[in-house]
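[1] only geometry, no sequence info:
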């Protein structure tokens with residue numbers, strides 16, 4: 001899957017930052033740790049042919065990514081969740097590399113936009 005859009009929707013990101021104020025850095029740090037872990041968990045679960053784990057990890061990644069405005073990653077995770085829920089691991093396999101790549105792209109963009117010490 002080729003991604004043509006920015007990794008982060010700036011309006012969504014800024015709205016979240018404004019909403020959470022001082023607590024935003026802790027939330028961002030959690031996402032910066034969890035998103036790549038969830039993408040890796042999806043890849044491992046696809047390899048292990050565990051559709052339930054794929055769907056659960058993809059659901060979590062979809063929800064948290066949407067919250068931070070990582071819309072392309074949200075879309076990929078949604079497609080993986082849908083494929084896994086339908087029992088189609090073949091469809092998931094084709095999306096795993098895109099998911100891992102996009103999670104990395106989102107991490108780099110967020111760290112550049114809002115450096116958080118220790119994350």
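    Received the coordinates, thanks. Since we're looking at a predicted model, the values are computed, not measured.

[2] going forward, measure contacts between C-alpha atoms and count neighbours the same way
    OK.

[3] since we're on residue 21, how many residues are nearby?
    Using other CA atoms under 10 Å, residue 21 has 10 other residues around it.

[4] ok, so what distance separates it from residue 28?
    From residue 21 over to residue 28 the distance is 11 Å, taken as CA to CA, to the nearest Å.

[5] ok, now residue 113?
    11 Å.

[6] shared neighbours of the two, anything?
    Here residue 113 and residue 28 share no contacting residue, scored by CA atoms under 8 Å, 6 or more residues apart in numbering.

[7] Tell me which of the two has more neighbours.
    The neighbour comparison of residue 113 against residue 28 (other CA under 10 Å) goes to residue 28, with 20 against 12.

[8] Find the helix or strand that that one is a member of.
    Using DSSP states H and E, residue 28 sits within helix 24-47.

[9] Report the buried residues of that helix.
    25, 28-29, 31-32, 34-43, 45-46 (16 or more other CA atoms under 10 Å).

[10] who's in contact with it?
    So helix 24-47 is in contact with 16-17, 51, 53-54, 57-58, 60-61, 64-65, 89, 92-93, 96, 99-100, 103-104, 107, 110, 116, 119, going by CA under 8 Å, 6+ apart.

[11] Beyond that helix, next helix or strand please.
    Scanning forward in sequence from helix 24-47 by DSSP H and E, the next helix or strand is helix 51-68.

[12] per-residue confidence averaged over the helix or strand following that next one?
    Remark: after helix 51-68, the chain's next helix or strand is helix 71-85, criterion DSSP H and E. Confidence over helix 71-85 (mean pLDDT, whole number) is 97.

[13] ok, now how distant is the residue of the chain most remote from its centre from residue 28?
    In terms of distance from the mean C-alpha position of the chain, residue 22 ranks first, at 23.0 Å (CA atoms, centre = their mean). Per CA to CA, residue 22 is found 11 Å from residue 28.

[14] before we move on, the earlier item: in PyMOL, how would I select the buried members of the contacts of helix 24-47?
    Applied in PyMOL, the following selects the buried portion of those according to 16+ other CA under 10 Å:
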select buried, resi 16+17+51+53+54+57+58+60+61+64+65+89+92+93+96+99+100+103+104+107+110
